[in-house]
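Asker: Task: produce atomic coordinates for the following.
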Amino acid sequence: RKVALHRGYTARQANLFLRVEGDDPARAADRMARYWERRAKVLGEDRAFDATAPGHTPRTEEDFRRVYGMALAALADPRVDGVTRVWAEQYRATYIDAKLSHLEIELVALESWRMETLAEAQSRWPEPYGSVAHRVEFLRTEDFDVDRAARRIANYWAFRLELFKDDDDGAGESSSNSKVKCSDVPFCPLMMQDLMEKHPEELASGFVIRLPGLDSAGRGLVCFTADRFSLKYSVEGLLKVYWYILHSMLEIESIRANGIVFLNNHKSMRGSAFNWKHSVKASQLVFDCLPLSVKSIHDCSGPKSWFANAVAPIVKWLIGKKLRLRYNIHTAPFKETASVLQKYGVSMDQIPTELGGRLQFDVAYDNWLQERLDAENYL
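Answerer: Predicted coordinates for the structure are as follows:
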């Protein structure tokens with residue numbers, strides 16, 4: 001019954017069954033399953049699920065994405081029976097293959113300058129560029145919107161080429177750690193040892209860090225602290241630190257699947273210490289390039305803040321309409337900020353003491369640095 005239901009599912013039809021059953025999801029699902037089971041017996045398997053057959057509701061792209069979500073949920077649920085699990089794996093593979101084929105067409109159809117960027121990326125880094133895992137992450141970030149995924153891929157490689165154009169190897173790939181190869185680490189990320197050698201001040205500043213653990217929804221946490229930012233740092237160095245931290249988060253499946261949340265501390269931020277070039281480039285990296293979905297932003301500025309009055313409106317414009325609905329500016333006193341953040345699924349042990357939590361910032365950052373060095377040595 002489940003297989004029949006999944007094969008015939010459309011959101012429009014599901015709404016009809018919900019209406020008949022008085023918005024009772026369990027009864028609606030049971031009725032819908034019985035309908036498709038009976039339809040298959042009367043019309044036969046092929047005709048029952050033929051989109052051109054009488055009474056068949058045509059599927060939309062939203063329907064295919066919903067069924068894909070059902071398949072993923074089935075694969076993640078240990079209680080699911082074997083028949084449904086086989087169907088779910090087959091559907092997942094078929095859906096991804098179809099999207100990858102469509103993505104290849106969209107990549108070829110991009111503007112000439114984007115095609116030149118992709119051609120250079122393919123010649124320099126053929127393994128990550130052409131890998132299925134690489135492209136699936138971009139598709140997943142864009143909710144399998146193929147056109148947007150193609151543009152994000154092009155943006156990613158253009159950004160990478162620009163950021164690492166002056167490096168000896170031109171790749172942003174480790175030159176100091178011979179143990180790490182492009183095939184070992186997704187996207188050939190910059191290595192910690194490279195940053196320690198070339199951009200030690202920017203790395204040591206801790207202006208942006210990954211907070212420990214995940215929030216209640218399985219999302220990664222990133223914290224920017226204005227007090228640790230300085231105009232003496234190079235934009236290149238800051239962006240490479242940012243690049244490294246976000247790429248390290250891509251190693252965690254829960255973060256790739258569920259995205260990231262920003263907790264930003266803008267206490268004491270002043271206009272004289274604000275670097276617009278860095279801010280714009282960092283925004284491009286996060287929102288237009290990396291295969292990471294930003295689920296929410298919490299800008300904590302305190303009362304009577306220059307940031308809240310002068311910068312927050314620009315941030316809202318930069319992040320776009322969709323994320324604007326998930327943007328939060330917190331102007332309460334910092335002692336009260338932690339209680340607000342807890343309502344969004346962040347624990348006290350993940351909130352820095354500067355924002356009213358229990359996390360000792362410097363200790364957490366030092367621990368993370370050591371963890372990364374240990375991970376790279378292991379590789």
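Asker: Report all helices and strands that the helix of greatest length in the chain contacts.
Answerer: Assignment by DSSP state H gives helix 82-108 as the longest helix of the chain. Helices and strands touching helix 82-108, by 3 or more C-beta pairs under 8 Å, 6 or more residues apart in numbering; DSSP states H and E, are helix 2-8, helix 61-76, helix 132-141, helix 146-163. Every residue, glycine included, has its C-beta placed from N, CA and C.
Asker: quick one, strands of this protein?
Answerer: Here the chain has its strands, by DSSP state E, at 208-211, 220-225, 260-265, 294-300, 327-330.
Asker: got the angle between the third one and strand 294-300?
Answerer: Computed with axes from the mean of the first three to the mean of the last three C-alpha atoms, to 10 degrees, the direction of strand 260-265 lies at 10 degrees from that of strand 294-300.
Asker: Number of residues surrounding residue 149?
Answerer: Look at residue 149: counted by other C-beta atoms under 10 Å, it has 26 neighbours.
Asker: again, but for residue 207
Answerer: Counted with other C-beta under 10 Å, the neighbours of residue 207 add up to 20.
Asker: Kindly report the same for residue 331.
Answerer: The number of residues packed near residue 331 is 16, by other C-beta under 10 Å.
Asker: ok, now how distant is residue 230 from residue 314?
Answerer: For residue 230, the distance to residue 314 equals 21 Å [C-beta to C-beta, to the nearest Å].
Asker: Residue 373 too?
Answerer: From residue 373 across to residue 314, the span is 36 Å (C-beta to C-beta).
Asker: Tell me which residue of this protein is furthest from the middle?
Answerer: residue 42 (44.6 Å; C-alpha atoms, centre = their mean).
Asker: what is residue 299 paired to in the beta sheet?
Answerer: Beta-bridge partners for residue 299, by DSSP bridges, are residue 264, residue 329.
Asker: surely it meets residue 261?
Answerer: No: assessed by C-beta atoms under 8 Å, residue 299 is found out of contact with residue 261, at 11.9 Å.
Asker: In CSV, list the helices and strands packed on helix 82-108 along with distance to residue 195 and mean pLDDT.
Answerer: Output for those, formatted as CSV (distance: least, C-beta to C-beta, whole Å; pLDDT from 0 to 100):
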stretch, distance to residue 195, mean pLDDT
helix 2-8, 47, 55
helix 61-76, 35, 84
helix 132-141, 23, 92
helix 146-163, 13, 92
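Asker: Residue 241: which of those helices is closest?
Answerer: helix 146-163 (11.3 Å; C-beta to C-beta).
Asker: So what touches that closest one?
Answerer: 99, 102-103, 106-107, 109-110, 114, 117-118, 120-121, 129, 135, 138-139, 141-142, 170, 172, 236, 239-240, 243, 284-285, 288-291 (C-beta atoms under 8 Å, 6 or more residues apart in numbering).
Asker: in it, what's buried?
Answerer: Judged by neighbour count using 16 or more other C-beta atoms under 10 Å, the buried positions of helix 146-163 are 146, 148-161, 163.
Asker: cool, stretch 16-24 as well?
Answerer: Of the residues in stretch 16-24, 17, 18, 21 count as buried by neighbour count, 16+ other C-beta under 10 Å.
Asker: Quickly note the distance from residue 133 to residue 361.
Answerer: Residue 133 is 34 Å from residue 361, where distance means C-beta to C-beta.
Asker: next one: residue 263
Answerer: 12 Å.
Asker: what about these two, which has more around it?
Answerer: Counted by other C-beta under 10 Å, residue 263 and residue 361 do not tie: residue 263 has more neighbours, with 27 against 19.
Asker: All set now, cheers.
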